[in-house]
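In: need a 3D model of the sequence below.
(2 chains)
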Amino acid sequence: DVKVTQSSRYLVKRTGEKVFLECVQDMDHENMFWYRQDPGLGLRLIYFSYDVKMKEKGDIPEGYSVSREKKERFSLILESASTNQTSMYLCASSLYRGGSGNTIYFGEGSWLTVV
Amino acid sequence: GNSVTQMEGPVTLSEEAFLTINCTYTATGYPSLFWYVQYPGEGLQLLLKATKADDKGSNKGFEATYRKETTSFHLEKGSVQVSDSAVYFCALSDHRRGAQKLVFGQGTRLTINP
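Out: Numbering: from 1, shown residues only, chains lettered A, B, ... in the order given. I've put the predicted structure just below:
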């Protein structure tokens, strides 16, 4: 089975702190994604990466950055956490760059509260 | 841009009832369409998908047919169970800048009462 593992399920951070959310996938997938999930808004794409050291902005990249130094690991960074970044963060991965029917696999999510 | 609209929830049904969750989309080209399910405390799991017009995706008793003429992908199940209680997300594939991504609807929370 494909496994996407997010290192922290629940975090509480203070405003202004630098926050790292880590994600690892074990299936040699090329593509990795970070989404945030908010009630009534569904999932919105923050950043994605289709190769090591490659990254592309999604729909809501402001206030976030990412790092992909190894193929299996994709980190989301909140440079200076703010209360409006309190949310559920979901990491995902998929195998191919081409086509449109590829399954995207999700981790269990990280609940971040910024106080 | 591409977008997905789902019927608003929450939806509450009794066990063995018929379920429909509406999903319509706006897209350029011919995207693939997906239904994902999120059980309490978990991440999203793929429920079913369809990659071209008139395809029917099915899994665990759920079905959805890709209707290009009505730009819809409604989720149906003939007889729901308590274990189907979850949040359901409709999504379409969006292939831009090097990788296929998903654009999601807002999600529909489904509660099944015994």
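In: work out for me the element the spatially most central residue of chain A sits within.
Out: When C-alpha atoms, centre = their mean is applied to chain A, the residue found nearest the centroid is A:W34 (2.5 Å). Assessed by DSSP states H and E, A:W34 sits inside strand A:31-38.
In: what's the average pLDDT for that strand?
Out: If you average the pLDDT over strand A:31-38, you get 94.
In: what's the answer for stretch A:93-113, then?
Out: Rounded mean pLDDT across stretch A:93-113 is 84.
In: what residues does chain B put near chain A?
Out: B:4, B:6, B:30-32, B:36, B:41-46, B:49, B:51, B:89, B:93, B:95, B:97-107 (C-beta under 8 Å from any C-beta of the partner chain). Every residue, glycine included, has its C-beta placed from N, CA and C.
In: what about B:G1, distance to A:R14?
Out: Taking C-beta to C-beta, to the nearest Å as the measure, B:G1 falls 35 Å from A:R14.
In: now do B:T108
Out: Separation of B:T108 from A:R14 (C-beta to C-beta): 35 Å.
In: which one's more surrounded, these two?
Out: Using other C-beta atoms under 10 Å in any protein chain shown as the criterion, B:T108 and A:R14 rank with B:T108 on top: 21 against 9.
In: name the nearest residue to the more buried one, ignoring sequence neighbours.
Out: Spatial nearest neighbour of B:T108, excluding adjacent residues (C-beta to C-beta, 6 or more residues apart in numbering or on different chains): B:G9 at 4.2 Å.
In: what about that neighbour, how many residues nearby?
Out: B:G9 has 16 nearby residues by other C-beta under 10 Å.
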